[in-house]
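K.L.:
give me the fold of what follows.
(chains A and B)
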There are 2 protein chains.
Amino acid sequence: MRITLAGSCLRLLLAASASLLVAAEQPASAQKGPQERPAQPLVLENQGSFFVGGRLKHTTVDGNGRGLFGVGPEDDIMVDQMYVQYEIPKDHGAHTPVVMIHGCCLSGKTWETTPDGRMGWGEYFLRRERPVYIPDQPSRGRSGFDATAFDKAKLDSQPASGLPRIFTAGRNAAWKVFRFVPEYPAVYPDEQFPVAAFEELAKQVIPDLNATLVAPNPTFANLASLGSQLRGAVLIGHSESGFYPERAALMDASGVRGAISIEGQCPAGLTPQQLATLAKVPTLIVFGDHIADSPVTAWANILAGCRQFVQELATAGGDATLLSLPDAGLKGSSHMLMQDLNNLKIADLILDWIDKHVERSR
Amino acid sequence: MRITLAGSCLRLLLAASASLLVAAEQPASAQKGPQERPAQPLVLENQGSFFVGGRLKHTTVDGNGRGLFGVGPEDDIMVDQMYVQYEIPKDHGAHTPVVMIHGCCLSGKTWETTPDGRMGWGEYFLRRERPVYIPDQPSRGRSGFDATAFDKAKLDSQPASGLPRIFTAGRNAAWKVFRFVPEYPAVYPDEQFPVAAFEELAKQVIPDLNATLVAPNPTFANLASLGSQLRGAVLIGHSESGFYPERAALMDASGVRGAISIEGQCPAGLTPQQLATLAKVPTLIVFGDHIADSPVTAWANILAGCRQFVQELATAGGDATLLSLPDAGLKGSSHMLMQDLNNLKIADLILDWIDKHVERSR
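P.N.:
Okay, the predicted model is just below:
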C-alpha cells in the first residue's frame, strides 16, 4: 500500500527532544521481570493448554538430512495445529468464553503483561469473570510451523528465491504503522502506548510464517472449531487477525457468539449469503486514534472499509457496532491498544458491549 | 550417533496387535479441550510474562523485500530474547522459584497439560507452593527467531544449501528416541507415556531453529540472568536443554540455587575450574526407564556420561545425585517423563530433592 506524508501531517511531528519529554512521563523503566503485583489474588477454577486441529504430513523433517538419532530425514509430523492456552476463573457464572487472537508477527503474548509491566487483557477479562482462551496462530509461536519448504530446499540446493516469505516487523515499521508517530523516537503528544517500554514490545515481535500455510488459512477452521468445542465463544481478532472472527463464522458460525475485530481490514465484496451469515453474529469493530492523520494513509482506507462493512451488516439485519475510541473520549489510542496505558478502560468498553450485545441476547 | 538393533532387543518388541491392547488401556481419548478439572481451585498471587535478554539488530526483515506498509526491508529487530511465562502461588512461603526449560523441537507447552489432558508439572509445582517460570528457548515458540539468513537468501536468490538447519522431530523418530519402543505403534508393556494421546504430543513438536543462534547459545546467559533476577532459582532442563542449568551456572552461578538435568547429555572434559564452579550448585540428574535396553544405544552412553559427571562433582566436593527412576521403583518411565501417567509421582521425588538439597542448605 502507498504511503504519503501529506504536508498537513507534518504539524503532528514532534522533534526528538519533545518526544524524549513525553518518554520521561512514561513509567520510568521498561519491564524487567514480573508484572506489578495485583492487590487481589487470582482464583482459577481451571487452567491449561491444548491444541485444535492439525493433520499428519509425511515429509522431510531435517535440513541436514540426518534425522533424530538416525531416524529420518523423512517422517510424519503434525502441521496446521493451533495451540490454545486458557484460564477459567472460579466465579464465571454463565459468562461466555472469550478467545483472543493476536496479529502479525506477534503471539499470544500480545494479551499478557504489557511491555511496561501492567496487567494485560487476558488477566483483566479473567478478573471480570470471563473464561479466557489465547491461541498462537498456526505457523507461529507454540503452534509451530511446517518447515518442509526450507528443509527440502536446503537438502536439494534449490535457489532460496522460491522459499515462502518470512516477515518480521522492525522498529521503524512498527513505530509508524502502530501509530506512535512517523519516525522513531518521536511520539504523538497524547500517545497512549507506553513508548518508553518499546523495546519490550520489540521482543514480542516474532517472524510471521503465514506464507507457509495452505489456503484457506487453517486458523479460520480451527477458530470455528474452538468456538464449537467451547459451546459458544466471543472471538476477538487484532490487526492481521482482525477479520479472523468473521472468517471463522463463515466456515461455521455455530460456535461464534460474537465477533470483535480490532484494527483489522474488513474486506469488500462479501456476497449477500456471506453477509446474511455474518448478520447473525453480533459484531463489534474497534479502532484507535490518529487514523485520519496517520502518515500511513492505508489506515483511513481500512477504517472506511470497516464503516462500509458495518453498514452492510446493518442492512442485512445484523447487530453491528463501530467503536471509534477517540469518539468515545479515549484519545491517543495506538494500534496496540490492548497494551496502551488506558488498556483496561478500553477493555471495559468491550466487556460492556459483550454484556449488552452477546449475553443479553442469549 | 550410531543405532544398533541388537538381537537381544527384539524380545522387547511387541506386535502391533499387542500394542493396540496396551493402547486400549490408556485413557479412552486424546485430549480434546480443557484438562480434567482439578478438585481445588488454584489461587495465584501473581502471573504474567516477560522477556530476558535480547539485542537489537539492523537487518533484512522481509523475504519479499517490501516491509510493513513500505517501511523496510531493512529495519531494527530484537533477537536472542527469551520469553518467560510465570505463575506465583498465593502461599509460597520462602520456597525457591523453579524454572522449567523444554527440550528439542518443543516449547514451554512441555510442562503444561499433558497430551491426554492431565495436570502438568507447571501447575503441580504451583500447587506444591513453588513460583514457576516457564521459558520458550530463544529461537523457538514465543521467543521468536532471527529469520535474517532465510530472508537474505530469498532476496538475493542464494542457494538454499547455505541456510541454517531446521529440524522437526517426526513420529517415528520420537517413538524410538522417546523410548516408547522402536517402531510405531508398538510399546513397552510397562510404558508410562500415554501413547493413545501420541498425536497430541506430535502437535507440541515444533521446528528447532537453534542453528540460527550465535555461539555460545544465548539461552545460557539468559537463564543465568533469570536466576539472578529471581534472586535464586532452581533450573530444570530436559533433553536438549538437560545440561542448560549447568551451562547457565558456568556463565554466572550466583542465581542458580540448584541444577536439575533430566535425560540430557553431560559433557566430558570439563575443566577442574568448571567442576569447582558446578560443585557449588546442588545437582540432580534424572533418567527414566529402558535406557540399557533401548534400540537407541546412545542412551546407555548418555547415562554413563552423566554417572561420570556426578562422580566428578562428588570428587570436587559437590552435592550431586543421580536418580534412576526404575531404581527408585518407577518402571516404564519414558523420555517425556513429565507427561507420563505417573508424572506427579516423579515430580514428588524432585520436590523432595529440592526440599532436602536446596532449601535446607540455605
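
K.L.:
contacts and neighbour counts: CA atoms only from here.
P.N.:
Noted.

K.L.:
and the residue nearest the centre of chain A?
P.N.:
residue A:102 (2.5 Å; C-alpha atoms, centre = their mean).

K.L.:
list the contacts for that residue?
P.N.:
Applying C-alpha atoms under 8 Å, 6 or more residues apart in numbering or on different chains to residue A:102 gives the contacts A:108, A:110-111, A:135-137, A:237-241.

K.L.:
and those residues near chain B, which?
P.N.:
Contacts with chain B within the contacts of residue A:102, counted by C-alpha under 8 Å from any C-alpha of the partner chain: residue A:108.

K.L.:
how close does the residue nearest to the centre of chain A sit to residue A:261?
P.N.:
Relative to residue A:261, residue A:102 is positioned 11 Å away (C-alpha to C-alpha, to the nearest Å).

K.L.:
what touches both of the two?
P.N.:
A:237-238, A:241.

K.L.:
just the residues you listed: which are in strands?
P.N.:
For those, the ones inside strands are A:237-238, with DSSP state E as the criterion.

K.L.:
export the shared contacts of residue A:102 and residue A:261 as TSV, with columns for pLDDT, distance to residue B:160 and neighbour count.
P.N.:
Rendered in TSV, the data for these read as follows (pLDDT from 0 to 100; distance: C-alpha to C-alpha, whole Å; neighbours: other C-alpha atoms under 10 Å in any protein chain shown):
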residue	pLDDT	distance to residue B:160	neighbour count
A:237	98	35	24
A:238	98	34	26
A:241	98	31	24
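
K.L.:
ok, so of the shared contacts of residue A:102 and residue A:261, who is nearest residue A:202?
P.N.:
residue A:238 (17.2 Å; C-alpha to C-alpha).

K.L.:
quick check: beta-bridge partners of that closest one?
P.N.:
residue A:262 (DSSP bridges).

K.L.:
ok, it - contacts?
P.N.:
Shown in contact with residue A:238 (C-alpha under 8 Å, 6+ apart): A:101-103, A:261-264.

K.L.:
how about a cut-off of 6 Å?
P.N.:
Contact analysis of residue A:238 by C-alpha atoms under 6 Å, 6 or more residues apart in numbering or on different chains lists A:102-103, A:262-264.

K.L.:
list only buried entries from those.
P.N.:
For these, a burial check counting by 16 or more other C-alpha atoms under 10 Å in any protein chain shown picks out A:102-103, A:262-264.

K.L.:
surely residue A:300 meets residue A:290?
P.N.:
No - the criterion here is C-alpha atoms under 6 Å, and residue A:300 misses it with residue A:290 at 9.3 Å.

K.L.:
how about the CA coordinates for stretch A:231-249, as CSV?
P.N.:
These are the backbone C-alpha positions of stretch A:231-249, laid out as CSV (Å, rounded to 0.1, in the frame of the first residue of the first chain):
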residue,chain,number,x,y,z
ARG,A,231,-20.2,-24.3,23.1
GLY,A,232,-20.0,-20.7,22.0
ALA,A,233,-17.4,-18.1,22.4
VAL,A,234,-16.7,-14.4,21.6
LEU,A,235,-13.8,-14.2,19.2
ILE,A,236,-11.5,-11.2,19.3
GLY,A,237,-9.1,-10.6,16.4
HIS,A,238,-6.5,-7.9,16.1
SER,A,239,-4.7,-6.4,13.0
GLU,A,240,-3.8,-9.3,10.7
SER,A,241,-6.3,-11.4,12.5
GLY,A,242,-8.9,-8.6,12.8
PHE,A,243,-11.3,-10.3,10.4
TYR,A,244,-10.5,-13.9,11.5
PRO,A,245,-13.6,-14.0,13.8
GLU,A,246,-15.7,-13.3,10.8
ARG,A,247,-13.7,-15.7,8.6
ALA,A,248,-14.3,-18.4,11.3
ALA,A,249,-18.0,-17.6,11.3
